[in-house]
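Enquirer: prediction below, plus the sequence it came from.
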Amino acid sequence: MRKVNFLFRKAPYGSVNMVEGFRLCTAFAAMEIETNAIFIDDGVFVALKGQDPKSIGLSTVAAAYERLTGLSVKMYLLEEALKERGIAREDLIDTEYLLINRYELAKLIAESDFTLSF
């Protein structure tokens, strides 16, 4: 079975990167391809509780994030990225994800067939 990683590096709002990445990630998972969603750099902001982007005219990406877990997409958050941004575990939404370090990130990438970055 093929393995695909989606690296989400950018903040969830301000560009279409996160939304388009979620769409593609959902499509791969629906085709029963082993799919990982890995949030690094500013991408970790997607996992913050209580986001309300309506004030800037956008809808939340939380529903899309939760949809990925329903499709058996494995979700990973880079610990170093959380620490660098002052985000504590209790600040994160309640959904299934694994915290990984840079070594584990490198291993996930090495073990996959493809890695796409958004």
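Expert: Received, thanks.
Enquirer: which elements pack onto the longest helix seen in the chain?
Expert: In the chain, assigned by DSSP state H, the helix with the most residues is helix 17-30. If you count contacts as 3 or more C-beta pairs under 8 Å, 6 or more residues apart in numbering; DSSP states H and E, helix 17-30 packs onto strand 3-8, strand 34-39, helix 62-70. To be clear about C-beta, it is placed using only N, CA and C from the backbone, and glycine gets the same treatment.
Enquirer: is residue 32 located within a helix, as I assumed?
Expert: No - using DSSP: H, G, I helix; E, B strand; the rest coil, the assignment for residue 32 is coil, not a helix.
Enquirer: what separates the nearest residue to it once chain neighbours are set aside from residue 15, distance-wise?
Expert: Leaving out its chain neighbours, the residue that sits closest to residue 32 by C-beta to C-beta, 6 or more residues apart in numbering is residue 1, at 7.8 Å. Distance from residue 1 to residue 15, counting by C-beta to C-beta, to the nearest Å: 31 Å.
Enquirer: more neighbours: which of these two?
Expert: residue 15 (11 against 6; other C-beta atoms under 10 Å).
Enquirer: report the separation between the more buried one and residue 113.
Expert: Counting by C-beta to C-beta - residue 15 and residue 113 are separated by 27 Å.
Enquirer: again with residue 89
Expert: 31 Å.
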